[in-house]
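[1] Structure, please.
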Amino acid sequence: MRAWIIPFCLFIFCFVLPIQFFFIGTDTGMGIQGALYRYQMTTQGNSLIPITNEISYVTDGLYSGRSAFSIVFWVLGTVILIGVTAFTLIQGNGITQKQLRTVIIGLAGAGTGYLASCIAQYGPLLKGSAGTSIPLGVFVIIAFAVFLHKSRIDDAKTE
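    Just a heads-up that it's a prediction; the model follows:
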């Protein structure tokens with residue numbers, strides 16, 4: 001595998017890939033959530049909510065309890081994912097095997113943050129009174145970390 005594939009995939013994870021699909025409550029709405037956005041369709045209308053707005057909702061006290069914890073974990077996952085993505089973009093094809101281990105740990109951390117967010121909001125079975133979460137993107141991120149761990153990067157530098 002070529003090293004340039006790593007930053008490309010991470011860029012897709014940051015800006016394109018929906019990390020979770022969700023259904024709100026008892027069929028009052030549904031949506032998708034990416035690392036930096038949430039798009040939801042509800043009986044009251046459609047909304048595109050950037051992560052910066054959700055941070056404001058927590059800091060302003062509009063969200064509390066498990067919703068606030070959920071957003072804190074989501075933001076943590078996003079910060080880690082953006083940091084790892086920026087790191088790999090800066091390194092480009094010059095990534096070493098040691099740096100690759102850091103990327104793998106970062107991906108695992110981001111996936112854990114996102115999964116913790118889903119569990120905080122929807123419960124340990126990802127289904128509860130708040131609705132249902134289907135975190136497919138979380139599993140894609142974790143699977144990519146496992147893939148990188150098992151793969152050999154052809155053009156990675158040696159330590």
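[2] Does Tyr114 touch Val138 like I think?
    Yes - contact criterion CB atoms under 8 Å: Tyr114 and Val138 qualify, at 4.6 Å. Placement of C-beta: from N, CA and C, glycine included.
[3] ok, these two, which is more surrounded?
    Legend: neighbour count by other CB atoms under 10 Å for Tyr114 and Val138, higher for Tyr114 (27 against 22).
[4] which residues sit in contact with that one?
    19-20, 73-74, 77, 135, 137-138, 141 (CB atoms under 8 Å, 6 or more residues apart in numbering).
[5] if I look at Tyr114 and Val138, which residues touch both of them?
    19-20.
[6] Give the lowest-confidence helix or strand of this protein, using mean pLDDT as the measure.
    Using mean pLDDT, DSSP states H and E, helix 5-15 stands out as the lowest-scoring helix or strand of the chain, at a mean of 89.
[7] which residues sit against whichever helix or strand comes after that one?
    As assigned by DSSP states H and E, the chain's next helix or strand after helix 5-15 is strand 20-24. For strand 20-24, the surrounding residues in contact (CB under 8 Å, 6+ apart) are 29-33, 40, 42, 114, 118, 122, 130-138.
[8] helices or strands next to the least confident helix or strand of the chain in the packing?
    Applying 3 or more CB pairs under 8 Å, 6 or more residues apart in numbering; DSSP states H and E, we find helix 5-15 packed against helix 65-91, helix 97-122, helix 136-150.
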